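Peer 1: sequence? don't have it. structure:
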């Protein structure tokens, strides 16, 4: 019972495929090392850090890092299906969450709660329904009582909206930020390494300042697709510029869609 609220994901992403900041890499490395000697730590009556909160702007690697982390600790990843949890009568949501957490305790897994803010809205928001506040109370209890040998990893783009009490329940809060110029250069080289470039692609990093990791990946893949369509094995400056033009069109549409109707 409870598995209907979870989607099983076999972790395929490896940390070597990601560009992470030193702070994020250090936090994940430390937690992985603790996990490897978990029983020794427990014998000293010290708790294991197994409740992680990933926060920061969209497109900055929270979901793929959760998958890479699951692979690193050698556990399957169970993704919470919030649409199903909330799809029942509203009063049943707390019961559904309990079933989900119980299912995640049966074996060592990484329980991934994406868009965590949908569950964890601050109880100080008077616009929220009383039932939503009861769900937050229930969630506090379940996270506190979690006895699984795996991990809870929650992710949000709206960390400011999360209830403060829930925020404190996490052993580690990891911030994912927009990439620096150095990170952009690394990502450009990494994503195009199997398709040689006829220009200094790392030198184009300044044109991508302010973009997310997901944005930059999309630009790289579009650059490569254009070369493949033209039956070429190397990418050119014009391929890259073409991909940037496509991204600009995408941004324009997003801006227009985001404007409120008059």
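Peer 2: It's in. Predicted model, so just to flag it, every value in this text is computed and none were measured.
Peer 1: Distance from stretch 139-155 to the middle of the chain?
Peer 2: Counting by C-alpha atoms, centre = their mean, to the nearest Å, stretch 139-155 is centred 17 Å from the centre of its parent chain.
Peer 1: Tell me how far residue 94 lies from residue 110.
Peer 2: Residue 94 is 23 Å from residue 110, where distance means C-beta to C-beta, to the nearest Å. Heads up, the C-betas are built off the backbone N, CA and C, glycines and all.
Peer 1: So for those two, which residue has more residues nearby?
Peer 2: Just comparing residue 94 and residue 110: by other C-beta atoms under 10 Å the higher neighbour count belongs to residue 110, 26 against 18.
Peer 1: so how many other residues sit close to the closest residue in space to the more buried one that isn't next to it in sequence?
Peer 2: Excluding its sequence neighbours, the residue lying closest to residue 110 (C-beta to C-beta, 6 or more residues apart in numbering) is residue 70, at 4.0 Å. Residue 70: 25 surrounding residues under other C-beta under 10 Å.
Peer 1: for residue 3, same thing?
Peer 2: Counted with other C-beta under 10 Å, the neighbours of residue 3 add up to 14.
Peer 1: next one: residue 37
Peer 2: So residue 37, with other C-beta under 10 Å, has 11 neighbours.
Peer 1: pLDDT at it, what is it?
Peer 2: pLDDT recorded at residue 37 is 95.
Peer 1: Residue 134 now?
Peer 2: We have a pLDDT of 78 for residue 134.
Peer 1: What pLDDT does the model give residue 215?
Peer 2: On pLDDT, residue 215 comes in at 96.
Peer 1: tell me the SS of residue 219?
Peer 2: Three-state call for residue 219 (DSSP: H, G, I helix; E, B strand; the rest coil): helix.
Peer 1: per-residue pLDDT, it?
Peer 2: At residue 219, pLDDT is 97.
Peer 1: Find the nearest non-adjacent residue to it, please.
Peer 2: Of all residues not flanking residue 219 in the chain, residue 243 sits nearest, at 4.7 Å (C-beta to C-beta, 6+ apart).
Peer 1: now residue 188
Peer 2: Nearest to residue 188 is residue 201, by C-beta to C-beta, 6+ apart, at 5.0 Å.
Peer 1: for residue 179, same thing?
Peer 2: In this structure, residue 179 finds its nearest non-sequential neighbour in residue 213, 5.8 Å apart by C-beta to C-beta, 6+ apart.
Peer 1: For the one you found, which residues are in contact?
Peer 2: Counting by C-beta atoms under 8 Å, 6 or more residues apart in numbering, residue 213 touches 19, 59-61, 179, 183, 187.
Peer 1: same thing but 6 Å
Peer 2: 59-61, 179 (C-beta atoms under 6 Å, 6 or more residues apart in numbering).
Peer 1: Switch those over to JSON lines; also include secondary structure and pLDDT.
Peer 2: Converted to JSON lines, these look like this (DSSP: H, G, I helix; E, B strand; the rest coil; pLDDT from 0 to 100):
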{"residue": "59", "secondary structure": "coil", "pLDDT": "94"}
{"residue": "60", "secondary structure": "coil", "pLDDT": "95"}
{"residue": "61", "secondary structure": "coil", "pLDDT": "94"}
{"residue": "179", "secondary structure": "coil", "pLDDT": "96"}
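Peer 1: In CSV: these, plus distance to residue 30 and neighbour count.
Peer 2: Converted to CSV, those look like this (distance: C-beta to C-beta, whole Å; neighbours: other C-beta atoms under 10 Å):
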residue, distance to residue 30, neighbour count
59, 25, 19
60, 20, 23
61, 18, 25
179, 22, 25
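Peer 1: Nearest to residue 41 among the residues you listed?
Peer 2: Closest approach to residue 41 among these (C-beta to C-beta): residue 61, at 27.9 Å.
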